[in-house]
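>>> Give me a model of this one.
(chains A and B)
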Amino acid sequence: MESSGNIFKSNLVLIVELIIINKELIENLGSDKDENAAKAQENKNSIYFNTNIDLLNINAAEIEKLIKLPPDASYGDYCVPAYYLKQNGFKGDPEVIANKIVDFIYSYIINMPDNNADDNAAESHKITNNNDILKNFKQYFVSASAKGAYINFYVNKQKFVNYIITEILAEKNNYGKNYLGKGKTVIIDFSSPNIAKPFGVGHLRSTVIGMSLARIYDFCGYKTVKINYLGDFGTQFGKLITAFCRFKNANFDLTEFKNDPIKFLYKLYVKFHSESENNPELDDEARLRFKKLEQSIIGMDDISELFDDTADDLDNYDNNIDGNVYSFCDDNFRKYSAEARKSGDAKEYKEKEYKEYKECRDKDKDEDRDRDKTAGQEISGELYLWKLFRKLSIREFKRIYNIINVSFDFYEGESQASKIAVNLVDILLETKIAERSMDAVIIPMGKTPALIAKSDGTTLYLSRDIATALLRFKKFKFDKMLYVVGSEQSLHFSQLFNIFKILKENEIKFEKQDLFFRYAPEISGRLHHIKFGRIIGMSTRKGNLVFLEDYINEAKEKALLKLKTDKQYMSNLSAADKSENSTFIASSDVSVSADAGAYTDDIALKVGVGAVIFNDLKTRRNVDVNFNWDNVLSFEGQTGPYLQYSVARINSLIEKLNHEYSFKIKIENLYTSETFSNIIADADKKDFCSISDYDFELVFQIVKHLSLFEDTIKDAASHDEPSVISTYLLDTAALFNSYYQNYKLMNLKSDFVYNRIMLLISVKIILESGLTLLSVPILKKM
RNA sequence: GCGUUCAUAGCUCAGAUGGAUAGAGCAACAGCCUUCUAAGCUGUGGGUCGCAGGUUCGAAUCCUGCUGGACGCACCA
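Below you'll find the predicted structure:
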């Protein structure tokens, strides 16, 4: 299915095609060679220029790029810079070209009387068709002018307004959708918080940018897969497990662990770091514990049960916390660790470690089924605790994501890939793509080689990422994969992408490998790092790290304060309490009987969330943002609440007008019913702009802006940049608010008001679509 | 030192294949709630687009150099 697109623009495309194909004629206009004009004068019904635009070997999308918007509405509604046409064979001074083209448009199109199709029907089918192009152009455009090097076109404003509004009412929340991604799959890897740490604002940007991109790609017809790649692996878990076991007898408060496990673990982690400064033995133990963890996982035949996110184990944890948790704290580990360190010099020690590690892995290859059957019972303390921390964290993350309208199709983790990563390292060594360097394994490239295995044989972030990409390609055959990760990891991703490029160059070496590894060369070119700048100066007012929830709560409190001091809001709220039929509450989220306090609370939360999310999406990704509490907590100007407020205002206005004029427009069914189908059916008769020129210039400006929504979406998708939509929505809201303030609708003639309600609904549809794409909550009332 | 990236109004930012007069919002100042929600609207002031060259008919945008900031540069993720 094709998007209907903007008929004004597509007609202009056809005319530009006509212009290009008649290049020679146009260049000769006014010269001796200009015989056409004379002939045209003699016989107005004949066409003396080439109208067979099918001869043109350029597709419409390319032509569309030649069409721009003038910087000022007084210059025209669309324009074509004449210097752009030089790439299509036009020569000479752009100003002269522009003037000649405008002459051409007047003499051959605008001033030419309409042909009867029959006159030329015998001549050629194509010409008949193209006469329609000319007729359409005259219908949709009223004039053209040359100003400097530009050819400016003016639309028939009345038709334009009617057309766009009808289009929006017909398509509703599908307006602006396109099919760029039809049949394609895109994976979006975002958020990626670390297990056992509170969800900090550090991960907020990735989360909101990723979620928005997912919605945008979906809007563009892609199949999107949202993946949360949890930081659930690496030495840090060795540290955490070490701390959990070591400090359990010291300042260990199990009640705290039970009540808020994530914050508790975070404290533990901080404590580990302060202790390890004076006690490096702790770091050694942590590394070993991580190694044991990785071995436990690699030793498993089927790791999928580890990633089953259902809550069963957690119920068990809640009930048996004392017995279970303690039983897995392994005191003997300290002895083991100390002995290991004593056994010989460092190099020998490392080799011993690596040998043990290999043995453990090879056991798995021997397919020792009996051993695997009992693996569950022999679960190591490290594995148990890791699993527990992981599940607790996911439970907590899901709670937070729910608040900010974020969801995932899959929760993955680095741990899932470690087994494959280990095999992969071996293959890369075998194929001589990788080599050993100072006991570690590297892939040489440029100035900084990529390190894919540590000298003790354990995997690294990079090797796990290679493996993960393989796993995902096997599963989804994605066309594109976006990693929404901060720009500080640019080197990591350029190495990752480089590795896949190298694998592609060495494709032939993979022919003998398992099918799985033969995917590797396919992946090159499909991966993209969607980087974003840091948030600078982010700290609480007291100077500590900020957790997302505290951040949202602060915004919510501010909104609550504002609501409670807002006389209008409070009087409406109390009126709603008194009257069951109140228009105020009838279409709101909460029933009349519900507690007004809870209702207010809900609004405040959504305003706070809107402010927080929008703040991260309003500027372009790549720039570092200076964090400033006053800016974030401001609800005025270019903010999320301003947009939410605009929607609420539209709702309120429509409701009042609806009631006042008894229109019976069922706005609450806007997206679900056949609403407006009658209007759309006789759109030609319907006129959304006449009656008066009271407000028409601004109405036209608004509608013109609404018509740009489609292009805005494409722009946002092609640059992976949600802020394009943010900027667009701010302009939309500003136009609406200006209209709202300057043109009062109450007390005007009824059909005029009716038409303007259709305009308001169109604005509402665009704002709501846009806010949805950004995951900013939409409020019916504020 | 090498690499990536950024520098536009007092502040936060738009300005995306080079193109018409560089735009918004905050803040400042002056107005607007006996008619639709003032989380709003109207107006004023405010810019040598970091600096210096270069390419071009034309540069905030592209190239080079410089200055200043951020980030990264092998066993962390």
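>>> What segments of the stretch 151-300 of chain A are strands?
A:185-189, A:223-230 (DSSP state E, counting those that start in this stretch).
>>> Mean neighbour count, distance to RNA strand B and mean pLDDT added to those, as CSV?
C-betas here are computed from N, CA, C, even on glycine. Listed next are the strands of the stretch 151-300 of chain A as CSV, based on neighbours: other CB atoms under 10 Å; distance: least, CB to the nearest atom of the strand, whole Å; pLDDT from 0 to 100:
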stretch, mean neighbour count, distance to RNA strand B, mean pLDDT
strand A:185-189, 25, 13, 97
strand A:223-230, 22, 9, 95
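>>> how about the residues of the stretch 501-650 of chain A near RNA strand B?
Proximity of the stretch 501-650 of chain A to RNA strand B, by CB under 7 Å from any atom of the strand, involves residues A:533-534, A:536, A:559, A:562-563, A:566, A:568-569, A:603, A:607, A:618-620, A:622-626, A:628, A:631, A:634-638, A:641-642, A:645, A:648-649.
>>> In strands, which of these fall?
Secondary structure of these is defined by DSSP state E; positions in strands are A:Ile536, A:Val625, A:Asn626.
>>> In chain A, what residue comes closest to RNA strand B?
Nearest to RNA strand B in chain A, going by CB to the nearest atom of the strand, is A:Gly637, at a distance of 2.0 Å.
>>> Torsion angles phi and psi at that residue?
Backbone geometry at A:Gly637, expressed as degrees, to the nearest 10, gives phi 70, psi -140.
>>> Give me the neighbour count for it.
A count of neighbours around A:Gly637, defined by other CB atoms under 10 Å, yields 10.
>>> quick revisit: of the residues of the stretch 501-650 of chain A next to RNA strand B, which belong to helices?
Secondary structure assignment by DSSP state H places A:559, A:562-563, A:568-569, A:603, A:607, A:631, A:641-642, A:645, A:648-649 of those in helices.
>>> Of those residues, just the buried ones, ChimeraX syntax please.
Command for ChimeraX, covering only those of these found buried under the criterion 16 or more other CB atoms under 10 Å:
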select /A:559,563,569,603,607,641,642,645,648,649
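>>> Show me which pair in the ones in helices among the residues of the stretch 501-650 of chain A next to RNA strand B is furthest apart.
Of all pairs drawn from these, the one with the largest separation by CB to CB is A:Gln568 and A:Asn631; the distance is 25.8 Å.
>>> follow-up on the earlier one: with distance to A:Gly413 and neighbour count added, can I get the ones in strands among the residues of the stretch 501-650 of chain A next to RNA strand B in TSV?
Below are these laid out as TSV (distance: CB to CB, whole Å; neighbours: other CB atoms under 10 Å):
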residue	distance to A:Gly413	neighbour count
A:Ile536	29	10
A:Val625	29	20
A:Asn626	33	11
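>>> how about these in CSV, adding pLDDT?
Rendered in CSV, the data for those read as follows (pLDDT from 0 to 100):
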residue, pLDDT
A:Ile536, 77
A:Val625, 81
A:Asn626, 76
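>>> A:Phe244: which of those is nearest?
A:Phe244 lies nearest to A:Ile536 out of those, by CB to CB, at 33.5 Å.
>>> okay, now A:Asp72: neighbour count?
Taking other CB under 10 Å as the neighbour definition, A:Asp72 ends up with a count of 7.
>>> should've said A:Ile105
Close neighbours of A:Ile105, defined as other CB under 10 Å, add up to 23.
>>> and what of A:Arg518?
Once other CB under 10 Å is used to define contacts, A:Arg518 is seen to have 14 neighbours.
>>> so who does it touch?
Listed by CB atoms under 8 Å, 6 or more residues apart in numbering, the contact partners of A:Arg518 are A:Phe510, A:Glu511.
>>> again, only this time at 10 Å
By CB atoms under 10 Å, 6 or more residues apart in numbering, the contact set of A:Arg518 is A:Leu470, A:Glu507, A:Phe510, A:Glu511, A:Lys512.
>>> Mark which of those residues are buried, thanks.
For those, a burial check counting by 16+ other CB under 10 Å picks out A:Leu470, A:Phe510.
>>> Please dump the contacts of A:Arg518 into JSON lines; it should also carry pLDDT and secondary structure for every row.
Converted to JSON lines, those look like this (pLDDT from 0 to 100; DSSP: H, G, I helix; E, B strand; the rest coil):
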{"residue": "A:Leu470", "pLDDT": "93", "secondary structure": "helix"}
{"residue": "A:Glu507", "pLDDT": "86", "secondary structure": "helix"}
{"residue": "A:Phe510", "pLDDT": "80", "secondary structure": "helix"}
{"residue": "A:Glu511", "pLDDT": "78", "secondary structure": "coil"}
{"residue": "A:Lys512", "pLDDT": "77", "secondary structure": "coil"}
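>>> Tell me the residues of the stretch 201-350 of chain A that contact RNA strand B?
Counting by CB under 7 Å from any atom of the strand, the residues of the stretch 201-350 of chain A lying close to RNA strand B are A:Gly231, A:Phe233, A:Gly234, A:Thr235, A:Gln236, A:Arg287.
>>> Apply 6 Å and report the result again.
Residues of the stretch 201-350 of chain A found near RNA strand B, taking CB under 6 Å from any atom of the strand as the criterion, are A:Gly231, A:Phe233, A:Gly234, A:Thr235, A:Gln236.
>>> From those residues, pick the one nearest A:Phe614.
Of all these, A:Phe614 sits closest to A:Gly231, with 26.4 Å by CB to CB.
>>> Quick check: closest non-adjacent residue to that closest one.
Leaving aside its sequence neighbours, A:Gly231 sits nearest to A:Asn194 (CB to CB, 6 or more residues apart in numbering; 3.7 Å).
>>> Could you do A:Ala469 as well?
A:Ile523 (5.6 Å).
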